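Undergrad: Quick one: sequence plus predicted model below, questions after.
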Amino acid sequence: MAKYLISSLILLVIIVCVTTLNTDEDEAWAWFQEYSDAASIVENRRAKINWAYITNITDYNQQRELEYSEIRKEFTKQVAQNASTFDFNNFQNSTLKREFKRLANKGTAALSDIKFTRINKLAIGLESTYGKAKLCKTGKTELSLEPELTQMLASGRNHDDLLWIWKNWRDATGKVMREDYLEFVELQNEAARLNGYTDTGEYWRDGYSIEGYDFRADLEKLYDQLRPFYKELHTYVKSKLKAYYGADKFPDSGHIPAHLLGDMWALIWVNVEDLVLPYESSKPVNATPAIQKLTIREVFNITDEFFTSLGLETVTQEFWDNSMLEKPKDGRDVICHADALDFSDGKDFRIKQCTRLNMEDFVTVHHEMGHIQYYLQYKDLLYSFRAGANPGFHEAVGDVLALSVSTPKHLKEVGLIDSYEENYGG
Ligand SMILES: *[C@@H]1O[C@H](CO)[C@@H](O)[C@H](O)[C@H]1NC(C)=O
Ligand SMILES: *[C@@H]1O[C@H](CO)[C@@H](O)[C@H](O)[C@H]1NC(C)=O
Ligand SMILES: *[C@@H]1O[C@H](CO)[C@@H](O)[C@H](O)[C@H]1NC(C)=O
Ligand SMILES: *[C@@H]1O[C@H](CO)[C@@H](O)[C@H](O)[C@H]1NC(C)=O
Ligand SMILES: [Zn+2]
């Protein structure tokens, strides 16, 4: 019996091996184009359902999003299966080889059905906890991340108030999300392993890998170049903040407490500019008063005109019709985090941003419009090629533009500051 079983197993293995993979690259290309059209439609529906949710967090919209992720899973699985009928590892055409390798990856659809549903529930639950979190300071007014807490951190100068905001925001978000997040990470790593990676980190880094290029080493090198400057800047800013808030508020470890940098993530330091200016004579370039005289649409319009002045594309009518450019006033919960979205139909591109009228958001608008510009530039390519050159590239496009509009020269040119002085100190 055992012998019979073994020999039939061997036969089965032979049959599986003999079921030869398709080596025809023309056929592969033809399927790839068909796939691309189908993917655009699936992605368009996903984007619309997702939009309904992120601009209106309700249980119903959350449920629809979960349902559609199940439909999309079937599509992803089918695509992976169909791609795997080709011998793509031996393709001559390197583009096709790379794209097929990507399509053969099932992502989280590689998980069991139960775990797939679970990870989607976790992801959407985490997002909604973060989007809906609110603090109560005096017991009556509710404070959201945007605009209230962001504003309070940016302009607040009372140490204990700032600490209260920072700590309570973490308690209302991070602490509440912790357990679910840990489970989410577990499942994400399991999916990565099922797709042949050691963990999600390796999968993410794979997006940057090219043959003969060491991504990690390159980043180390860049960071080493930047480090001396960063250390000086850090030390300088710290000394100025110490002088203002008192040295007793700073730990011996040398860190700057995160609540003192004017930003919930201590990421953008522009809001403490007034505390850290180097010389009496130096004045901050402040376009905020002029920006406050504009409407939010005008800010986006000025940004669009900046792009077209460079010979780039103007946004579509759908952009103006469908975007959410400010926080809705009807009280519905939305995910305020600024984002630019591609609806994969070549004309529907949207920004979701709870824009405020100030210099910081003026720059953010340029960043987000950088994403839209990239979408516009590649809108006529096949679906798989409508993406950044690597996962970081999109952010870089936006930031190149954002940096160039922050200069006094540009701000004067668009009439947002009257005059400025080149100042080299002293
Ligand atoms: C928000 O979603 C609910 C469904 O949960 C819907 O009834 C309502 O009309 C939506 N509101 C807006 C402004 O889209
Ligand atoms: C996968 O192949 C099957 C069988 O040829 C076909 O019916 C299906 O439409 C294909 N799906 C995709 C997404 O390519
Ligand atoms: C791969 O094939 C496509 C379609 O024929 C072609 O457009 C592309 O230039 C080829 N790429 C390479 C690297 O040969
Ligand atoms: C943008 O501004 C220009 C010039 O002021 C105006 O002609 C155009 O109608 C504006 N567009 C939008 C969408 O507001
Ligand atoms: Zn971005």
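TA: Now that the structure is in, tell me what you want to look at. Ligands and ions are numbered 1, 2, ... in the order given.
Undergrad: CA atoms for contacts and neighbours, from now on please.
TA: Will do.
Undergrad: Which residue does the stretch 301-426 of the chain have closest to ligand 1?
TA: Nearest residue of the stretch 301-426 of the chain to ligand 1 (CA to the nearest ligand atom) works out as Arg332 at 7.2 Å.
Undergrad: Now do the same for that residue: its pLDDT.
TA: Model confidence at Arg332, given as pLDDT, is 94.
Undergrad: what sits against it?
TA: Residues near Arg332 by CA atoms under 8 Å, 6 or more residues apart in numbering: 56-57.
Undergrad: could you redo the last one with a cut-off of 10 Å?
TA: The contact partners of Arg332, by CA atoms under 10 Å, 6 or more residues apart in numbering, come to 55-58, 132.
Undergrad: and stretch 240-256, how far from the chain's centre?
TA: Remark: stretch 240-256 is offset 32 Å from the chain centroid, using CA atoms, centre = their mean, to the nearest Å.
Undergrad: Report the mean confidence score over it.
TA: Here stretch 240-256 scores 98 as its mean pLDDT.
Undergrad: Excluding its own residues, what touches the helix or strand containing Tyr181? List them.
TA: In this structure, Tyr181 is located in helix 174-194 according to DSSP states H and E. Here helix 174-194 makes contact (CA under 10 Å, 6+ apart) with 105-112, 115-116, 118-123, 125-127, 129-130, 133, 168-171, 195-204.
Undergrad: And stretch 294-310, by the same measure?
TA: Taking CA under 10 Å, 6+ apart as the rule, stretch 294-310 contacts 291-292, 311-315, 320, 325-326, 354-358, 361-363, 365-370, 373, 401-402, 405, 410, 414.
Undergrad: Please repeat the previous calculation with a cut-off of 7 Å.
TA: Residues outside stretch 294-310 that contact it (CA atoms under 7 Å, 6 or more residues apart in numbering): 313-315, 357, 362, 365-366.
Undergrad: Would you mind listing what in this protein touches ligand 1?
TA: Residues of the chain lying near ligand 1 by CA under 6 Å from any ligand atom: 56, 58, 60-61.
Undergrad: If we use 8 Å, what do you get?
TA: 52-53, 55-61, 330, 332 (CA under 8 Å from any ligand atom).
Undergrad: Going by distance to Tyr245, which of those residues wins?
TA: Nearest to Tyr245 out of those is Arg332 (CA to CA; 37.7 Å).
Undergrad: show me the residues around the closest residue to ligand 2 within the chain that make contact.
TA: Relative to ligand 2, the nearest point of the chain is Val79 (4.5 Å; CA to the nearest ligand atom). Val79 sits next to Leu103 when contact means CA under 7 Å, 6+ apart.
Undergrad: Over to Val334?
TA: Contacts of Val334 were listed using CA under 7 Å, 6+ apart, and they are 54-57, 131.
Undergrad: mind giving me CSV with those and columns for pLDDT and distance to Glu142?
TA: CSV is the format used below for the contacts of Val334 (pLDDT from 0 to 100; distance: CA to CA, whole Å):
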residue, pLDDT, distance to Glu142
Ile54, 96, 20
Thr55, 97, 19
Asn56, 97, 18
Ile57, 95, 17
Gly131, 91, 14
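Undergrad: now, which of those residues lie within helices?
TA: Using DSSP state H, 54, 131 are the members of these that sit in helices.
Undergrad: Columns neighbour count and distance to ligand 2 on top of the contacts of Val334, output as a markdown table?
TA: Shown next, in a markdown table, are these (neighbours: other CA atoms under 10 Å; distance: CA to the nearest ligand atom, whole Å):
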| residue | neighbour count | distance to ligand 2 |
| --- | --- | --- |
| Ile54 | 21 | 27 |
| Thr55 | 20 | 30 |
| Asn56 | 18 | 31 |
| Ile57 | 19 | 31 |
| Gly131 | 20 | 34 |
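Undergrad: sorry, back to before: farthest pair in the contacts of stretch 294-310?
TA: For these, the farthest-apart pair by CA to CA is Glu313 and Leu357; their separation is 24.4 Å.
Undergrad: who in the stretch 51-200 of the chain is up against ligand 3?
TA: 92-96.
Undergrad: And ligand 3, is stretch 209-221 touching that?
TA: No. Figure legend: stretch 209-221 not in contact with ligand 3 (CA under 8 Å from any ligand atom); closest approach 14.0 Å.
Undergrad: Quick check: end-to-end length of that stretch?
TA: For stretch 209-221, the first-to-last residue distance is 16 Å (CA to CA, to the nearest Å).
Undergrad: what comes into contact with it?
TA: Tyr208.
Undergrad: So for that stretch, mean pLDDT?
TA: 91.
Undergrad: got it, and stretch 318-326?
TA: Average pLDDT, stretch 318-326: 98.
Undergrad: just stretch 190-199 next, same as before
TA: Here stretch 190-199 scores 97 as its mean pLDDT.
Undergrad: remind me which residues of the protein are low pLDDT?
TA: Scanning the chain with the threshold set as pLDDT under 70 gives 1-18, 140, 425-426.
Undergrad: could you redo the last one with a cut-off of 50?
TA: By pLDDT under 50, the low-scoring segments of the chain are 1.
Undergrad: so what are the domain limits for it?
TA: For the chain, the structural domains run 1-104, 134-172+216-276, 288-413, going by automatic domain parsing.
Undergrad: hey, which of those is tucked in deepest?
TA: A comparison of those by mean neighbour count, using mean count of other CA atoms under 10 Å, puts domain 288-413 on top with a mean of 17.
Undergrad: Please, where are all the helices along the stretch 101-250 of the chain?
TA: All helices of the stretch 101-250 of the chain, identified by DSSP state H, counting those that start in this stretch, fall at 113-132, 150-155, 159-172, 174-194, 200-206, 215-245.
Undergrad: about what we covered before: make CSV out of the residues of the chain next to ligand 1 and add distance to Asp180.
TA: Formatted as CSV, those follow (distance: CA to CA, whole Å):
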residue, distance to Asp180
Ala52, 24
Tyr53, 20
Thr55, 23
Asn56, 22
Ile57, 19
Thr58, 20
Asp59, 18
Tyr60, 21
Asn61, 20
Asp330, 30
Arg332, 25
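Undergrad: residues touching the residue of the chain found nearest ligand 3, list them.
TA: At 4.4 Å from ligand 3, Asn93 is the closest residue in the chain, using CA to the nearest ligand atom. For Asn93, no contacting residues are found, by CA under 7 Å, 6+ apart.
Undergrad: Stretch 29-48 and ligand 2, are they touching?
TA: Yes. Interface with ligand 2: stretch 29-48 contributes 31, 34-35, 38-39 (CA under 8 Å from any ligand atom).
Undergrad: Could you dump the residues you listed into TSV and include secondary structure?
TA: Written out in TSV, the entries for the residues of stretch 29-48 next to ligand 2 read as follows (DSSP: H, G, I helix; E, B strand; the rest coil):
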residue	secondary structure
Trp31	helix
Glu34	helix
Tyr35	helix
Ala38	helix
Ala39	helix
